[in-house]
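Enquirer: have a look; sequence and predicted model below, questions after that.
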Amino acid sequence: MHDTLNITIPPKVSPWKELKTLSIIIPAYNEENTITQILDKIRAVLLIHDIEKEIIIVNDCSKDNTEQVILEYINTYKENRIKYLAFPANKGKGAAIHAGILQATGEYLIIQDADLEYDPFEYNVLLKPIVHGFADVVYGSRFMGGSPHRIMFFWHTMGNRILTFFANMFANLNLTDMETGYKVFRTDIIQQIYLQEKRFGFEPEVTLKMARLKDIRIYEVGISYYGRTYREGKKINWKDGVRTVWCIIKYGMLTSRYLKQEAITTVNKIS
């Protein structure tokens, strides 16, 4: 079966030398109040080993003034590498991330929400296992370490832990925070992954499909978390939790394909 082929991930011998650019993918939907602040923070971050930043903003057909704010920002800071994509219709966070992944040219990429829940000043914490040559993928865990965490919903936290438990069970991993928004991937690897989920199902899908790659090296580091309430703009709800359960079952048990067709073809030619 083509869709059960397994590819071996060659390790980066000297990632601190090869990692020239980090692509930062920002899916944005109705974020006119925070997008400027998050872009200011990203601009202010100095990455270790003089790694450059490529910012990719994907506007998921926002209904507020997000687009106008972004375009004014790009015009003001022309010296920055900022790509801007705009969907003509709302497609979901996962779809925006897919579009950003296709546009990424950096050796590694990170997902950055357009709100202020995740702190760009922790990019270097996430990059540390990569530049030291240990990791292909790094997850930022909100449940590890001593960094600041806003105390919020008990059942939301329990839901995250339960979903992570079931994802770990199917993926044979021991993550503490599968649903985290901070994930760093080797670009050449994730661009081969066949991704389907258009909304928040991206998180379990990418986790379960990454876990199928032979010799993939996944790390976790503790990060801070400045959560928002629903009144402050939080978008995920219980329906997304139900969808996540379905995605864990689907990609953990029912679906074997995890590579794009061109990646499968390449593996066939090599073998």
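Expert: Perfect, I can see it now. Numbers count the residues shown, from 1 in each chain.

Enquirer: in the protein, which ranges drop under the pLDDT threshold?
Expert: Low-confidence segments of the chain (pLDDT under 70): 1-8, 10-17, 231, 233-235, 262-271.

Enquirer: dump the residue contacts of the residue nearest the centre of it.
Expert: Taking C-alpha atoms, centre = their mean, the centroid of the chain lies closest to residue 111, which sits 3.5 Å from it. Residue 111 sits next to 25, 27, 97, 100, 181-183 when contact means C-beta atoms under 8 Å, 6 or more residues apart in numbering. For the C-beta atoms, the positions are set from N, CA and C on the backbone; glycine is no exception.

Enquirer: adding distance to residue 227 as columns, could you present the residues you listed in CSV?
Expert: As requested, the contacts of residue 111 are exported to CSV (distance: C-beta to C-beta, whole Å):
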residue, distance to residue 227
25, 21
27, 18
97, 20
100, 23
181, 11
182, 13
183, 17
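
Enquirer: so which elements touch the helix or strand residue 156 falls within?
Expert: Using DSSP states H and E, residue 156 maps to helix 154-171. On a contact count with 3 or more C-beta pairs under 8 Å, 6 or more residues apart in numbering; DSSP states H and E, helix 154-171 meets helix 202-210, helix 238-249.

Enquirer: what's the first helix or strand after the shortest one?
Expert: Remark: after helix 202-210, the chain's next helix or strand is strand 218-222, criterion DSSP H and E.

Enquirer: what's the angle from that following strand to helix 202-210?
Expert: If you take axes from the mean of the first three to the mean of the last three C-alpha atoms, to 10 degrees, strand 218-222 sits at 140 degrees to helix 202-210.

Enquirer: now for the contacts of residue 111: which two are most distant?
Expert: Greatest spatial distance among these (C-beta to C-beta): 100 and 182, at 14.6 Å.

Enquirer: hmm, who's touching stretch 222-242?
Expert: Contact with stretch 222-242 is made by 29-31, 33-34, 115-119, 122, 125-126, 140-142, 144-150, 152, 159, 163, 180, 182, 199-201, as judged by C-beta under 8 Å, 6+ apart.

Enquirer: what comes up buried for it?
Expert: Under the neighbour-count criterion of 16 or more other C-beta atoms under 10 Å, stretch 222-242 has 222-225, 227-228, 233, 236, 240-241 buried.

Enquirer: then stretch 75-93?
Expert: Judged by neighbour count (16+ other C-beta under 10 Å), stretch 75-93 contains these buried residues: 82-87, 91-93.

Enquirer: go on, stretch 63-74?
Expert: 66-67, 69-70, 73-74.
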